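1. Would you be able to build a 3D model of this:
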Amino acid sequence: MTDTGLKLVILDRDGVINEDSDAFVKNVDEWQPLPGSIEAIAELSRTGHTVVIATNQSGLARELFDLDDLEAMHAKMAGLVEAQGGSVAAVFYCPHGPDDGCNCRKPKSGLIDAIEAEFDTCAEGVPLVGDSLRDLEAGISKGCAPILVRTGKGRTTESQLSAHSLLSDTPVFDSLLAAVPHIKATYGQSC
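-> Now for the predicted structure:
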């Protein structure tokens with residue numbers, strides 16, 4: 001892999017960028033951004049970061065929504081970010097269910113592997129922002145720098161961090177927007 005000078009940032013979607021739901025976010029109307037998340041992505045993008053989304057979307061396997069619905073949600077997200085002067089470089093998603101045995105469903109690293117291949121870079125040292133243990137564990141397995149946000153499932157996850165020796169020092173922020181100054185000041189590619 002080559003060092004392209006890329007300043008990559010990997011974000012989970014549900015609970016980090018948009019409201020999460022135990023009943024799944026199934027269509028464009030249910031996809032509602034969290035306060036400040038769109039501005040956060042735009043700010044990162046405007047300051048030279050390549051923002052990539054890595055998200056489990058088992059609602060596809062469960063037939064709760066189809067690919068057109070998912071693409072419409074992502075088009076809405078991208079359009080909102082573009083309206084703020086930023087961009088989303090790519091969205092990588094796992095369409096499988098929890099029992100499908102795939103390599104892309106977080107906490108496995110397949111989505112991050114795909115991001116590395118697509119951008120011809122490595123994820124070591126790259127900030128990965130999530131709200132669940134599986135997000136952070138996927139990042140740790142690839143040498144990413146995990147960041148937890150308290151939105152979505154983040155408050156519950158925060159209470160579990162101390163039990164994970166590899167995650168006990170994870171920086172925690174109230175929201176993606178609150179994490180932006182830390183990301184901008186701290187992270188560049190390490191490989």
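
2. contacting residues around the closest residue to residue 138 other than its chain neighbours?
-> In this structure, residue 138 finds its nearest non-sequential neighbour in residue 106, 4.1 Å apart by C-beta to C-beta, 6 or more residues apart in numbering. Bear in mind the C-beta positions are built from the backbone N, C-alpha and C, glycine included. Residues near residue 106 by C-beta atoms under 8 Å, 6 or more residues apart in numbering: 12, 54, 56, 94, 134, 135, 137, 138.

3. Below-threshold pLDDT in this protein: ranges please.
-> Scanning the chain with the threshold set as pLDDT under 70 gives 1-4, 188-191.

4. could you pull out the helices for it?
-> All helices of the chain, identified by DSSP state H, fall at 37-46, 67-83, 110-119, 133-141, 154-158, 176-186.

5. quick check: longest strand of this structure.
-> When the chain is parsed with DSSP state E, its longest strand is strand 49-56.

6. Show me what that one pairs with in its sheet, parallel or antiparallel.
-> The strands beside strand 49-56 in its sheet (DSSP bridges) come out as strand 7-11 (parallel), strand 90-94 (parallel).

7. Quick check: which of those is buried the most?
-> With neighbours taken as mean count of other C-beta atoms under 10 Å, those reach their highest mean count in strand 7-11, at a mean of 24.

8. wait, which of the strands paired with strand 49-56 is closest to residue 116?
-> Of all the strands paired with strand 49-56, strand 7-11 sits nearest to residue 116, with 9.2 Å by C-beta to C-beta.

9. May I have the residues that are in contact with residue 161?
-> Applying C-beta under 8 Å, 6+ apart, the residues contacting residue 161 are 148, 167, 168, 170, 172.

10. Surely the third one is in contact with residue 160?
-> No: using C-beta atoms under 8 Å as the test, residue 168 is too far from residue 160 to be in contact (10.2 Å).

11. Neighbour count for the two, which is higher?
-> Higher neighbour count among residue 168 and residue 160: residue 160, with 13 against 9, using other C-beta atoms under 10 Å.
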